[in-house]
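Q: I'll drop the sequence and a predicted model, then ask my questions.
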Amino acid sequence: MSKVIIAKEDGYTKEVLVARFGMYKRKYIETAEIIKTTGLPIRHENTPEDITENIAKFIIQKFDPTCKWAKSIGIKGDLYSEAQHLPEVKAFTSNGPCSFGPNKKFGVLYFLDLRGWLNDIIILWKVNLTNDSPEWRNLKMNKTQTNQEQCEEKRRPHIAWEKIYEQIAPHCEQVYNGGFMGIFDEPTSPSSLSAMSFTTGTDTAFPASL
């Protein structure tokens with residue numbers, strides 16, 4: 001079967017992401033100040049998916065320029081790529097578990113570690129497995145059940161990134177570790193369609209508007 005190439009332009013540009021990231025960061029800091037001064041049990045909002053998915057997109061474009069934000073070009077999923085089948089993005093800002101739909105299909109999985117985002121530290125991991133890979137299906141979710149067993153029960157598996165990594169480390173590669181503005185930098189070596197590691201300084205300053 002021939003590959004379908006999506007020609008529609010991805011309108012979620014660098015300028016949009018910088019603006020959205022700045023809006024979210026300001027609101028987060030303002031909310032934190034209210035919590036600090038009042039002691040009220042106000043919860044921070046989760047990082048919006050358009051921000052997390054597009055942070056991952058711009059990093060991935062360093063080695064896969066065909067990567068686009070799926071919602072911007074009118075298709076289902078997180079990201080679209082001519083080179084990578086069904087890229088899925090999971091972002092986390094704490095040590096808590098990530099969750100997975102029992103029927104979710106993906107061809108490659110990315111974990112966006114935002115635990116250090118307020119200190120301008122962003123890490124992206126690529127997991128070179130599909131949802132049907134034996135290593136993924138046999139992932140231990142707890143002491144008694146695997147990922148596949150929970151999916152067969154129509155449950156939504158929950159597991160923290162560290163618990164995932166310690167079980168499938170040979171299939172994981174860190175493709176970015178740096179600051180927010182560094183995600184827009186050109187790669188230091190020629191682009192290829194296989195992931196390469198990028199490490200940039202974490203002292204990259206935010207724009208003055210953030």
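A: Cool, got the structure.
Q: residue 173 should be in a helix, yeah?
A: No: counting by DSSP: H, G, I helix; E, B strand; the rest coil, residue 173 is not part of a helix but strand.
Q: the closest residue to it other than its chain neighbours pairs with what?
A: Setting aside the residues directly before and after it, residue 173 is nearest to residue 126 in space (C-beta to C-beta, 6 or more residues apart in numbering), at 5.2 Å. C-betas here are computed from N, CA, C, even on glycine. Beta-bridge partners for residue 126, by DSSP bridges, are residue 110, residue 173.
Q: pLDDT score assigned to residue 126?
A: Predicted confidence (pLDDT) for residue 126: 98.
Q: residue 125 and residue 108: what is the separation?
A: According to C-beta to C-beta, to the nearest Å, residue 125 stands 11 Å off from residue 108.
Q: how about the contacts made by the residue nearest to residue 173?
A: 108, 109, 110, 172, 173, 174, 175, 195 (C-beta atoms under 8 Å, 6 or more residues apart in numbering).
Q: among the residues you listed, give me the pair with the biggest separation.
A: Distance extremes for the contacts of residue 126: the farthest pair is 108 and 174 at 14.6 Å, using C-beta to C-beta.
Q: more neighbours: these two, which one.
A: Legend: neighbour count by other C-beta atoms under 10 Å for residue 108 and residue 174, higher for residue 108 (20 against 15).
Q: got the confidence number for that one?
A: Looking at residue 108, the pLDDT reads 96.
Q: quick one: residue 81 from residue 49, how far?
A: 17 Å.
Q: and what of residue 26?
A: For residue 26, the distance to residue 49 equals 19 Å [C-beta to C-beta].
Q: and what of residue 157?
A: Distance from residue 157 to residue 49, by C-beta to C-beta: 19 Å.
Q: ok, then the element right after the helix of greatest length in the chain?
A: Ordering each helix of the chain by length in residues (DSSP state H) puts helix 14-38 first. The helix or strand immediately downstream of helix 14-38 is helix 49-60, counting by DSSP states H and E.
Q: neighbouring strands of the helix or strand following that following helix in the sheet, and parallel or not?
A: With elements assigned by DSSP H and E, the helix or strand that comes after helix 49-60 is strand 68-69. Strand pairing for strand 68-69, using DSSP bridges, gives strand 79-80 (antiparallel).
Q: gap between the strand it pairs with and the chain center?
A: Remark: strand 79-80 is offset 12 Å from the chain centroid, using C-alpha atoms, centre = their mean, to the nearest Å.
Q: residue ranges in the protein under the pLDDT threshold?
A: Low-confidence segments of the chain (pLDDT under 70): 1-7, 188-210.
Q: which one in it is furthest away from the centre?
A: Computed with C-alpha atoms, centre = their mean, the residue of the chain farthest from its C-alpha average is residue 38, at 32.9 Å.
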